[in-house]
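Engineer: Curious how this folds, go ahead:
(one chain, ligands or ions: 1)
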Amino acid sequence: MTQDVLVEERGLAAPEPIETINHWIGGASLAELPAQTQDVFNPAIGHVIAKVARGGTTEVDRAVQAAKVAFPAWRDASLMARENVMFAFRELVYRHREEMARLITRDHGKTYPDALGEVLRGLETIDFACSVPALMGGMITPNVSTNVDAYTIRQPLGVVAAITPFNFPAMVPMWIYPIAVATGNAVVWKPSSHTPGATRLQAELWKEAGLPDGIFNVVYGGREAVEAILEHPDIAALQFVGSTAVGRHVYETGTKNGKRVGAYTGAKNHMVVLPDADMELAADSAVSAGFGSAGERCMAIATVVAVGEAGDRLIQLIVERIGRLKVGPGMEPGVDMGPIYASEHRASIIRWIEKGVAEGATLVHDGRPFRHPEYPDGFYLGVTLFDHVTPEMEIYREEIFGPVLTVVRVATYDEALRLVNSHHYANGTAIFTNDGGAARRYQMECQTPMIGINVPIPVPYGHFSFGGDRDSAFGALKMRGQDGVRFFTKLKEVTSRWPDPSLRGLNLGFPRTT
Ligand code: NAD
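Structural biologist: The predicted structure is shown next:
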């Protein structure tokens, strides 16, 4: 049977005519057709399934104007009024979690259970945002001078922006905008144009939850839309999640333009395996965390650091597991790994594999020849395993962001620690060992901010903050958690005295507190 017949039969065909997903501004999709669009692919079949608007200066400004109009009333709304919307949104996301997961799988390619997990991990931060009123309090110090009180007020910033990547169309934005909205800001969101299905659903759910029009706006697009956000004088702050090259530019340009910026960027996460580790668990974890979501996670394990005699046994167990992996469409039951999200990215991963071979790493398993027998146009790639990778190789130093796992062998724990602490990326890391003392040492000595102990993907719980170091993050504050509240609010310091006739009289000296 040909791919086209299968696509038709299995309901994977795009609806006719192909729909256009438009910018969401002022509480609705824009009615007029966008001036520019770009194609949206279903990577499992390699066909165009929709078109998405591509905005720039005009659309960003339109969204900012809508946000500016809506902001004052939202800032002044009671905490309870804002909380009611947050709780309603939380319930709606939960109720629509399966629909959202299906849209993520359709546009991104990751498996449906993985997509569902993504929505639920995003929900954790929406839960946190429902309790933000408890964190909005300031501090009051009475009698800082005679009859004078001093206090702080925490207030929203105004219009803020979120710029997010393709790989988590729901979870990553849900780590940003719920806190921005709950603290009283108006948001302009520029998501990745590769995965707009789940994005539009999130906007619709905000509307249904009762969020006032203009508080949540979505402008699709690429570089032009991002530049327009960075240059817009009425955007006070933005959080960016994406690659390091773009994130560094966003951080430098945004801060130069006077904005508060947090940029959370690329990674090369190391998993250190000590010889005393539970090797079966370590091999399960390396394969799951290395190839889950086709390696397209910022917390994916990219490098296994095998210490001492751990190497040979671990490689053997990893190879056994690789043999059992099923690659295919993300909606198909039993599939472990879906396609790569875009054909250009698939080509880039193949170039990295070629580079690894040229650099002299041992290619233990080659994912390049894999073709899906039923969907030859899909953007599939098998999994790749390199052994004997060295720190000088580019495949060790740079982010590949695909199903390519590299193994570096070292003699000692200290050598492993040195590798992790000297890498230019520092997002997440894990240690596998049964020695509590060694695990504790790693937690204290390793300078990577998110650490797993026998947990390969240590994404902190949604109420905690998230963020890396070195080339994995730019800016003083992390995403989410209490840092998220600090990021999206500013403190005002008030010194107050109520008129008291006994205190009248001129005094030109500097106000003193004694
Ligand atoms: P990307 O940098 O290509 O895109 C991120 C955002 O920037 C998108 O909205 C995109 O439209 C926009 N953009 C792309 N090119 C641009 C340019 N030249 N100028 C201005 N804007 C541009 O990243 P991606 O490929 O969508 O996502 C993968 C990357 O994101 C990986 O590097 C991954 O490690 C990183 N990531 C990091 C985290 C984290 O929390 N640290 C989380 C998820 C993903």
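
Engineer: got the residues of the protein near the ligand?
Structural biologist: Within the chain, the positions lying close to the ligand (CB under 6 Å from any ligand atom) are 163-168, 172, 190, 192, 222-223, 226, 241-243, 246, 264-267, 298, 399, 401, 427, 468, 472. For glycine as for every other residue, the C-beta is placed from the backbone atoms N, C-alpha and C.

Engineer: make it 5 Å
Structural biologist: 163, 165-166, 192, 222-223, 226, 241-243, 246, 264, 266-267, 298 (CB under 5 Å from any ligand atom).

Engineer: Weed out the non-buried ones from the residues you listed.
Structural biologist: Under a neighbour-count criterion of 16 or more other CB atoms under 10 Å, the subset of the residues of the chain next to the ligand counted as buried comprises 163, 165-166, 192, 226, 241-243, 246, 264, 266-267, 298.

Engineer: What is the most widely separated pair among the residues you listed?
Structural biologist: Put simply, by CB to CB the two of these set farthest apart are Val226 and Ala267, 20.6 Å from each other.

Engineer: show me what contacts the spatially most central residue of the chain?
Structural biologist: Averaging the C-alpha coordinates of the chain gives a centre point, and the residue nearest to it by CA atoms, centre = their mean is Val172 (3.4 Å). Counting by CB atoms under 8 Å, 6 or more residues apart in numbering, Val172 makes contact with Gly122, Thr164, Pro165, Val241.

Engineer: The host helix or strand of Trp189 packs against which elements?
Structural biologist: Counting by DSSP states H and E, the element that carries Trp189 is strand 186-190. For strand 186-190, the elements it packs on are helix 57-76, strand 159-163, helix 177-182, strand 216-218, helix 223-231, judged by 3 or more CB pairs under 8 Å, 6 or more residues apart in numbering; DSSP states H and E.

Engineer: Flag every buried residue along the helix or strand of the chain with the lowest mean pLDDT.
Structural biologist: For the chain, scoring each helix and strand by mean pLDDT, DSSP states H and E identifies helix 3-9 as the least confident one, at a mean of 77. Residues of helix 3-9 classed as buried by neighbour count (16+ other CB under 10 Å): Gln3, Val7.

Engineer: phi, psi of the closest residue to the ligand within the chain?
Structural biologist: Ranking the residues of the chain by distance to the ligand (CB to the nearest ligand atom) places Gly242 first, at 2.6 Å. With angles defined as degrees, to the nearest 10, Gly242 sits at phi 170, psi -150.

Engineer: was I right about it contacting Thr164?
Structural biologist: Yes: the pair Gly242 / Thr164 is scored as a contact, 7.3 Å apart, by CB atoms under 8 Å.

Engineer: where exactly do the strands run in the stretch 301-450 of the chain?
Structural biologist: Listed from the start of the chain, the stretch 301-450 of the chain has strands (DSSP state E, counting those that start in this stretch) covering 301-307, 362-365, 384-387, 404-410, 425-426, 428-432, 450-453.

Engineer: for the protein, which spans come out with low pLDDT?
Structural biologist: Using pLDDT under 70 as the threshold, the predicted model of the chain has low-confidence ranges 1, 514.

Engineer: how about the helices in the stretch 201-350 of the chain?
Structural biologist: Counting by DSSP state H, counting those that start in this stretch, the stretch 201-350 of the chain has helices at residues 223-231, 244-256, 279-291, 310-322, 343-359.

Engineer: Okay, buried residues for the last one please.
Structural biologist: The reference is to helix 343-359. Of all the residues in helix 343-359, those buried under the rule 16+ other CB under 10 Å are His345, Arg346, Ile349, Ile350, Trp352, Ile353, Gly356.

Engineer: just checking, what packs against that helix?
Structural biologist: Helix 343-359 sits against strand 362-365, strand 384-387, helix 394-397, strand 404-410, with contacts defined as 3+ CB pairs under 8 Å, 6+ apart.

Engineer: coming back round to it: now the buried residues of helix 343-359 in CSV, with distance to Lys259?
Structural biologist: Compiled in CSV, the buried residues of helix 343-359 are given as follows (distance: CB to CB, whole Å):
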residue, distance to Lys259
His345, 29
Arg346, 35
Ile349, 34
Ile350, 38
Trp352, 34
Ile353, 39
Gly356, 39
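
Engineer: Let me see the domain layout of the chain.
Structural biologist: In the domain annotation for the chain, the residue ranges read 8-265+472-492, 269-453 (automatic domain parsing).

Engineer: Quick one, which of the ones you listed gets closest to Ser502.
Structural biologist: Comparison of the domains of the chain against Ser502 by CB to CB identifies domain 8-265+472-492 as nearest, at 8.9 Å.

Engineer: distance between the ends of that closest one?
Structural biologist: Using CA to CA, to the nearest Å, the span of domain 8-265+472-492 from its first residue to its last is 60 Å.

Engineer: Start at 58, not 1
Structural biologist: Understood, numbering begins at 58; the last thing we discussed is domain 65-322+529-549.

Engineer: Compare the helices and strands packed on helix 400-416 and report which one is nearest to Met336.
Structural biologist: Nearest to Met336 among the helices and strands packed on helix 400-416 is strand 461-467 (13.4 Å), distances taken as CB to CB.

Engineer: so what strands line up beside the closest one?
Structural biologist: strand 358-364 (parallel), strand 441-444 (parallel) (DSSP bridges).

Engineer: Need the winner for burial among these.
Structural biologist: Of all the strands paired with strand 461-467, strand 358-364 carries the top mean neighbour count, a mean of 27, counting by mean count of other CB atoms under 10 Å.
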